[in-house]
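Trainee: Provided below are the primary sequence and the corresponding predicted coordinates.
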Amino acid sequence: MTDLGTLAAELLPGSTWVGDRSGGEAARGARTIAWVRVLRARVPAFDALEPGDLIIAPASALAVVAPGGRELGELVAALAAVPVSGVLLVEGDASLDDAARVIAAAGLPLVRVPRTDPQVLERSIVGYIVARGAELERQAALLDAELRRRALEGGGVTALVATVSSFLGRALALEAGRGEPIAVHAPVEAPSAAADAARYQAGASDQTAVALRVPLPSASGANGSLVILGSEPASELARVTLPRVAGLLALELAREEAIRGAADRARRAEPMPGAGPPWIVILGHQREPGAEDDAPAARESREGIRRAVRLLAPARRLALRGDADSLEVRLVAAGAPQETRRLAERVGETLGRSVAVSRAFSSAADRPAAEAEARATLEAALALDRPPTIAQADRLPIYRMLGVLHKLPDGPRLARAVLAPLLDARPDVRRERLDTLRALLAHGSVGEAAAALGVHRNTVAYRIRVIEAATGWRLADPELRLPLLVAIGLVHDE
């Protein structure tokens, strides 16, 4: 037999309990439901009323039957005397706060339900009482139809996840194949949903943050899972519903991937993200020619990584060029320097390799040159004993100099290229800049550098500001300090 607690958890996920569910039998909603009665907007309000009946009380009907406090008290007293198994207050235009307070005070199990058609609600509850499995399947079919409608409207996978989440009244996540969340939604009407979603996003590996995980069908080509969040066990409705809708969400993911892939191919000549200019090129190695990397499994793995890279930023900020057979992963990113730097770091983390970034450019015609610059930078950086995670094109002379230090004839030439922003000055100014820079890099602090030069520390601080303004360097950057010191030594020793 069914009680209000079970009914609310399984069939009314968007509902709200009133009162303490941890109290006595009435508070827990443990009275068996015999049948369902709908409060009518007339007197008498019920054609019949028997012990164990569940009352559906729409706000509009309650405003007619019990317009005042006295009438409301009499109605609730009559329901408690039967006694009924519980009350469902259906939200409407009129406030239900007074009614909820009086019903709860009478000890009747009480649930508030969002605005809905009382007749449809009645049929659903009767169907659940008579044939639970059939009603759950019917509810899943209704959700399936709604998802198809939203998919045809072009809502996208995020809208579909939100629809399922709101239907179940639980926080829901759609995960990619490696467990990264693609979309997370927490319905407003579920009190704990936002906290469940936040806990999941703070540490998705915490299994206590997951109530149910349903894999997407692998035949669709979109690996991943639908995940109900929170420590409270998933309802039977969720266990029936999620496997049914998982296929549709997988198809939507595959459709979006196909659309983005087609758009990338259509823009392959000049795939420039709409958020620019400025743009930068991010480039990394993707594969090596050979039997191992040409195997179907290796190509499938690369396809998965490319899908993950595409999801790092929206299409207006990131465009992926080439395909899984390319030797390189080439991207064009748009945004402020700090944003594109963080994006490049995430690309490197996803690839598990060093990547190179070009200097910013503002014309689509400059993209091929920026790709060539990023390629040269990556090759120079990978030649080092300890390649940087992010190799920057404006540091290409540094990488080349460090890579060929053993070739002394090339050292002075590359050192001059590194220090070119400082060398373009009168001989006395050039000497002053180089002496100041060498003293700072050799001694580590402004005060010690000033003592070594025999000048006031404010003089050294001023010279450093001038050098940083003229070169764009940040002299506190550890990646710059050693190469600059070596370059200064090579130039001074010519």
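Mentor: Everything's here; your move. Residues are numbered from 1 along each chain as shown.

Trainee: for L475, helix, strand, or coil?
Mentor: coil (DSSP: H, G, I helix; E, B strand; the rest coil).

Trainee: neighbours around it, how many?
Mentor: Neighbour count of L475, defined by other Cβ atoms under 10 Å: 14. For the C-beta atoms, the positions are set from N, CA and C on the backbone; glycine is no exception.

Trainee: same deal with L62?
Mentor: 23.

Trainee: now swap in R463 and tell me
Mentor: So R463, with other Cβ under 10 Å, has 22 neighbours.

Trainee: Check P478 too.
Mentor: Burial of P478 is recorded as 6 neighbouring residues (other Cβ under 10 Å).

Trainee: same thing with L242?
Mentor: Look at L242: counted by other Cβ under 10 Å, it has 23 neighbours.

Trainee: Show me the contact partners of the helix or strand where R481 lies.
Mentor: Assessed by DSSP states H and E, R481 sits inside helix 478-492. Outside helix 478-492, the residues that touch it by Cβ atoms under 8 Å, 6 or more residues apart in numbering are 388, 395, 398, 401-402, 405, 411-412, 414-416, 418-419, 423, 434, 437-438, 441-442, 473-475.

Trainee: Drop anything exposed from those residues.
Mentor: For the contacts of helix 478-492, a burial check counting by 16 or more other Cβ atoms under 10 Å picks out 388, 395, 398, 401-402, 411, 414-416, 418-419, 423, 434, 437-438, 441, 473.

Trainee: In helices only, show me these.
Mentor: Applying DSSP state H to the buried ones among the contacts of helix 478-492, the entries found in helices are 398, 401-402, 411, 414-416, 418, 423, 434, 437-438, 441.

Trainee: Got the domain ranges for this protein?
Mentor: Domains of the chain are assigned by automatic domain parsing as 4-130, 133-261, 268-398, 404-492.

Trainee: While we're on A393, how confident is the model there?
Mentor: Here the pLDDT value assigned to A393 is 91.

Trainee: Same check on A219?
Mentor: 48.

Trainee: Would you mind identifying the next helix or strand past the lowest-mean-pLDDT helix or strand in the chain?
Mentor: Of all helical and strand segments in the chain, the minimum by mean pLDDT, DSSP states H and E falls on helix 25-28, at a mean of 43. For helix 25-28, the following helix or strand on the C-terminal side (DSSP H and E) is strand 35-38.

Trainee: Please point out which parts of that following strand sit buried.
Mentor: Buried residues in strand 35-38, defined by neighbour count with 16+ other Cβ under 10 Å: V36, R37, V38.

Trainee: if I pick the last one, what's in contact with it?
Mentor: Put plainly, it is V38. Here V38 is in contact with I55, I56, P58, A61, P118, Q119, E122 (Cβ under 8 Å, 6+ apart).

Trainee: ok, now with 6 Å
Mentor: Applying Cβ atoms under 6 Å, 6 or more residues apart in numbering to V38 gives the contacts I56, P118, E122.

Trainee: What is the nearest of those to A246?
Mentor: E122 (30.4 Å; Cβ to Cβ).

Trainee: What strand or helix carries the closest one?
Mentor: Going by DSSP H and E, E122 is part of helix 118-130.

Trainee: A211 in helix, strand or coil?
Mentor: Look at A211: counting by three-state DSSP, its state is strand.

Trainee: That one: what's it in contact with?
Mentor: Contacts of A211 by Cβ under 6 Å, 6+ apart are I228, G230, A234.

Trainee: For the last one, give its distance to I228.
Mentor: Read that as A234. Separation of A234 from I228 (Cβ to Cβ, to the nearest Å): 5 Å.

Trainee: Between the two, point out the one with more neighbours.
Mentor: Applying other Cβ under 10 Å to A234 and I228 shows that I228 carries more neighbours, namely 25 against 19.

Trainee: hang on, that one in a strand?
Mentor: Yes: under three-state DSSP, I228 sits within a strand.

Trainee: picking that back up, could you look up the next helix or strand downstream of the helix holding E122?
Mentor: helix 132-152.

Trainee: Buried residues, that next one. List them.
Mentor: Neighbour count says helix 132-152 has R132, E135, L136, Q139, A140, L143, L147, R150, A151 buried, by 16+ other Cβ under 10 Å.
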